[in-house]
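The sequence and its predicted three-dimensional model are supplied below.
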Amino acid sequence: MPDDPPRDDLSAPAASVLQVDALTLAFGGVKALTNVGFGAARGSITAVIGPNGAGKTSLFNTISGFYKPAQGRVLFEGEDITRLPAPKRAALGLARSFQNIALFRGMTVLDNIKLGRHTHLKTNVFDALFYLGRARREEAELRRDVEERIIDFLEIDHIRHASVAALPYGLQKRVEMARALAMQPKVLMLDEPVAGMNREETEDMARFILDVRREWGITVLMVEHDMGMVMDLSDHVVVLNFGQVIAQGTPAQVQADPEVIRAYLGAGDVGELRRRLRGESTVGAA
């Protein structure tokens, strides 16, 4: 298993597996993103934070291919993928979860997770229709990988045959992460992975995010409002406000940035915001 990369290497442009370059997104005359640029180093955890309405989900939707930018580029492993549709980006190794859970509620946990692998399957329609040799082999390999690797890793073996609709919210979020991992990503994009979770669920999810990076070498890009988790887990933090990057750097650098403090609180209590940005630790040290 790959070791955690040295933090000194994380800022090096050559190490970036995902690069956003001068990205601008507009809806009519309204700009949702303006000249946004940053890189996510290979094997790192990068967090995107900002007040409500700052453009975080719009950024995720543009990186993953759901929105087309007016200007700028998205580079994945040095390749310009700005005009590629979302399915082709997923096939390259860009996977994501959603702020609002997007699972098939009438299906089992196992079947939801298996759907994440569809972009990599080579079975043709005829083989699949009659369940011939290649289809059977791919199905067996897929099921073995999902059950022995992903389900065990996320500790959801006890619910693998349960209907998603019957699960509590925290477990549904874990299943969505499992489906994204089934896509065999190089970059895992998590949109508010602990939103609505209690402390125990948050600690579990934070542990899984750290392990995904540490044990599988996957680069993580996440949007999150839990500042304690962001500051504990992240190697690099990007701060958006009104669709623009107002600060980026290490967690310590972002916490001390006066522009970040103004964006979150305006003329409010600076001391209180600094306490919020430091966050009460929600997880153990990385």
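The structure has been received and is ready for your questions.

Let's check: the centremost residue of this protein is which one?
Met189 (1.8 Å; Cα atoms, centre = their mean).

Around the closest residue to that residue other than its chain neighbours, how many other residues sit close by?
With sequence-adjacent residues excluded and distances taken as Cβ to Cβ, 6 or more residues apart in numbering, Met189 is closest to Arg96, at 3.7 Å. The C-beta positions use only the backbone N, C-alpha and C, and glycine is treated the same way. Under the neighbour criterion other Cβ atoms under 10 Å, Arg96 is assigned a count of 25.

Kindly report the same for Ser64.
20.

Could you check how far it is from Arg96?
Distance from Ser64 to Arg96, counting by Cβ to Cβ, to the nearest Å: 5 Å.

cool, Leu188 as well?
Here the distance between Leu188 and Arg96 works out to 7 Å (Cβ to Cβ).

and what of Ala182?
When Cβ to Cβ is applied, the distance between Ala182 and Arg96 equals 13 Å.

Also Val254?
Look at Val254 and Arg96: by Cβ to Cβ, they are 23 Å apart.

Need phi/psi at Tyr67.
With angles defined as degrees, to the nearest 10, Tyr67 shows backbone torsions of phi -120, psi 150.

Retrieve the pLDDT associated with the residue lying closest to it once chain neighbours are set aside.
Ranked by Cβ to Cβ, 6+ apart and with sequence neighbours excluded, the top spatial neighbour of Tyr67 is Asn61, at 4.5 Å. Model confidence at Asn61, given as pLDDT, is 95.

How about the one 4 residues further on?
pLDDT, the model's per-residue confidence, is 95 for Gly65.

How is the chain partitioned into domains?
Taking automatic domain parsing as the domain assignment, the ranges for the chain are 1-93+185-286, 102-184.

most tightly surrounded among these?
domain 1-93+185-286 (a mean of 18; mean count of other Cβ atoms under 10 Å).

Just give me how far that one sits from the chain centre.
Centroid separation between domain 1-93+185-286 and its chain, computed with Cα atoms, centre = their mean, to the nearest Å, is 8 Å.

quick one, what contacts the residue nearest to Met189?
The neighbourhood of Arg96, defined by Cβ atoms under 8 Å, 6 or more residues apart in numbering, consists of 60, 64, 180, 188-191.

So the residue nearest to Tyr67 sits against Val74, correct?
No. Asn61 sits out of contact with Val74 when judged by Cβ atoms under 8 Å, with a separation of 11.4 Å.

circling back to that earlier point, from the contacts of Arg96, which single one is nearest Met205?
Nearest to Met205 among the contacts of Arg96: Leu190, at 8.8 Å, using Cβ to Cβ.

Tell me the helices and strands packed up against the strand or helix carrying that closest one.
Secondary structure from DSSP states H and E places Leu190 in strand 187-191. Contact analysis of strand 187-191 by 3 or more Cβ pairs under 8 Å, 6 or more residues apart in numbering; DSSP states H and E lists helix 56-64, strand 94-96, helix 169-181, strand 219-223 as its packing neighbours.

let's see 10 Å
Taking 3 or more Cβ pairs under 10 Å, 6 or more residues apart in numbering; DSSP states H and E as contact, the helices and strands that strand 187-191 lies on are strand 16-27, strand 45-49, helix 56-64, strand 94-96, helix 169-181, helix 199-216, strand 219-223.

would a markdown table of these with distance to Ala263 be doable?
A markdown table is the format used below for those (distance: least, Cβ to Cβ, whole Å):
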| stretch | distance to Ala263 |
| --- | --- |
| strand 16-27 | 19 |
| strand 45-49 | 10 |
| helix 56-64 | 13 |
| strand 94-96 | 25 |
| helix 169-181 | 27 |
| helix 199-216 | 24 |
| strand 219-223 | 16 |
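
Contacts only, for Ile113.
Listed by Cβ atoms under 10 Å, 6 or more residues apart in numbering, the contact partners of Ile113 are 103, 107, 142-143, 145-147, 150-151, 154, 156, 160, 175-182.

That one belongs to a strand, doesn't it?
No. Looking at Ile113 with DSSP: H, G, I helix; E, B strand; the rest coil, it is helix, so not inside a strand.

That one and Asn61: what is the separation?
Ile113 sits 23 Å away from Asn61, taking Cβ to Cβ as the criterion.

hmm, back to that, quick one: the residue nearest to Tyr67 from Pro185, how far?
Summarising the geometry, the distance separating Asn61 from Pro185, computed by Cβ to Cβ, is 17 Å.

Nothing else from me, thank you.
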